[in-house]
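>>> Based on what follows, work out the 3D shape:
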Amino acid sequence: MDYRNQNMTPPPYYGQGMVTSQTNSVLKRVYVRMFVGLLISAFCALGVASSPAAMAFIFGSKIVFWGMFIAMLAMAWVLPARMMKMSTATCLLMFCIFSALMGTWLAPIFVVYKLGTIVYTFFITAGTFGAMSVYGYFTKSDLSKMGTYLMMALFGLIIASIVNIFWANSTMEWVISILGVLIFTGLTAWDTQQIKRMAAANLDPQLADKLATMGALNLYLDFINLFLFLLRIFGGGSRD
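Have a look, this model is predicted:
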């Protein structure tokens with residue numbers, strides 16, 4: 001359209017430098033918030049695991065245990081769905097509460113596994129996550145199709161995990177753990193690319209801040225699930 005011959009104002013032009021700056025700004029907030037979420041989870045898990053009374057209250061009551069689990073599922077669903085209607089502060093607060101609940105729910109890993117196994121697995125997770133997130137950011141390949149397949153595989157993994165709760169087959173658990181590592185390794189790259197694309201397409205500061213929180217939640221979940229599946233694999237160091 002020729003704006004010179006029309007009584008119209010051309011749309012604003014954002015140069016590549018501004019788009020790159022916006023994208024990097026959002027990604028920095030994503031990683032900082034994800035790191036904060038992991039710290040909150042770690043402190044909550046350690047705090048609960050070191051308190052016999054807290055462990056008995058949370059894990060000795062089915063109502064409390066499943067209530068926390070349902071609350072986390074609800075928050076993971078509500079946050080993305082209601083993001084546009086929430087303030088940026090509310091989004092961030094909900095993410096912090098979610099991280100605290102997740103950490104509390106994961107406290108038993110400090111009872112089941114040796115601390116050395118947990119630390120060792122954490123560093124392996126961090127290295128794998130970091131490498132795949134860097135790949136997702138810099139790759140020129142479109143990972144959309146891979147993301148679709150990974151999401152379908154994730155649903156299959158969830159169904160297989162539920163079935164194995166009743167079947168209790170050790171071989172199946174091993175297969176599920178390996179598949180879980182592969183799926184969440186791939187999802188880390190895909191989610192990173194998705195966040196990068198959305199950040200580049202959006203230049204509204206308020207929406208960008210909400211995007212940073214949602215991106216942090218997605219990558220946080222990728223990291224936690226990758227860590228847990230790896231912990232199963234390296235669980236030979238579990239306590240007697």
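
>>> which strands and helices sit next to the strand or helix carrying residue 207?
Secondary structure assignment for residue 207, by DSSP states H and E: helix 205-233. Counting contacts by 3 or more CB pairs under 8 Å, 6 or more residues apart in numbering; DSSP states H and E, helix 205-233 packs against helix 16-49, helix 62-82, helix 88-105, helix 115-138, helix 170-201. (Each C-beta comes from the backbone N, C-alpha and C, glycine too.)

>>> any idea of the angle the third one forms with helix 205-233?
In this structure, helix 88-105 runs at an angle of 10 degrees to helix 205-233, with axes from the mean of the first three to the mean of the last three CA atoms, to 10 degrees as the basis.

>>> Neighbours of residue 199, how many?
23 (other CB atoms under 10 Å).

>>> Let me see the contact set for the closest residue to it other than its chain neighbours.
Spatial nearest neighbour of residue 199, chain neighbours left out: residue 26 (3.7 Å); criterion: CB to CB, 6 or more residues apart in numbering. The neighbours of residue 26, taking CB atoms under 8 Å, 6 or more residues apart in numbering as the test, are 195, 199, 208, 211-212, 215.

>>> Check residue 98 too.
Counting by CB under 8 Å, 6+ apart, the residues that residue 98 touches are 37, 72, 75-76, 79, 217.

>>> Return a PyMOL selection command for the buried portion of the residues you listed.
Those of the contacts of residue 98 that count as buried under 16 or more other CB atoms under 10 Å are selected in PyMOL with:
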select buried, resi 37+72+75+79+217
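
>>> which one among the contacts of residue 98 gets closest to residue 169?
Closest approach between these and residue 169, by CB to CB: residue 72, at 26.7 Å.

>>> Neighbours of the closest residue to that closest one other than its chain neighbours, how many?
Of all residues not flanking residue 72 in the chain, residue 101 sits nearest, at 5.2 Å (CB to CB, 6+ apart). Applying other CB under 10 Å, we find 18 residues neighbouring residue 101.

>>> what's the distance between residue 101 and residue 194?
25 Å (CB to CB, to the nearest Å).

>>> Ok, residue 181 next?
Where residue 194 is concerned, residue 181 sits at a distance of 20 Å (CB to CB).

>>> ok, those two, which is more surrounded?
The neighbour comparison of residue 181 against residue 194 (other CB under 10 Å) goes to residue 181, with 21 against 17.

>>> Check the contacts of residue 98 against residue 159 and report the nearest one.
Looking across those and measuring by CB to CB, the closest to residue 159 is residue 76, at 18.1 Å.

>>> okay but the closest one is in contact with residue 221, surely?
Yes. Residue 76 lies in contact with residue 221 (CB atoms under 8 Å); the separation is 7.4 Å.

>>> Nearest spatial neighbour of residue 58, chain-adjacent residues omitted?
Leaving aside its sequence neighbours, residue 58 sits nearest to residue 64 (CB to CB, 6+ apart; 5.3 Å).
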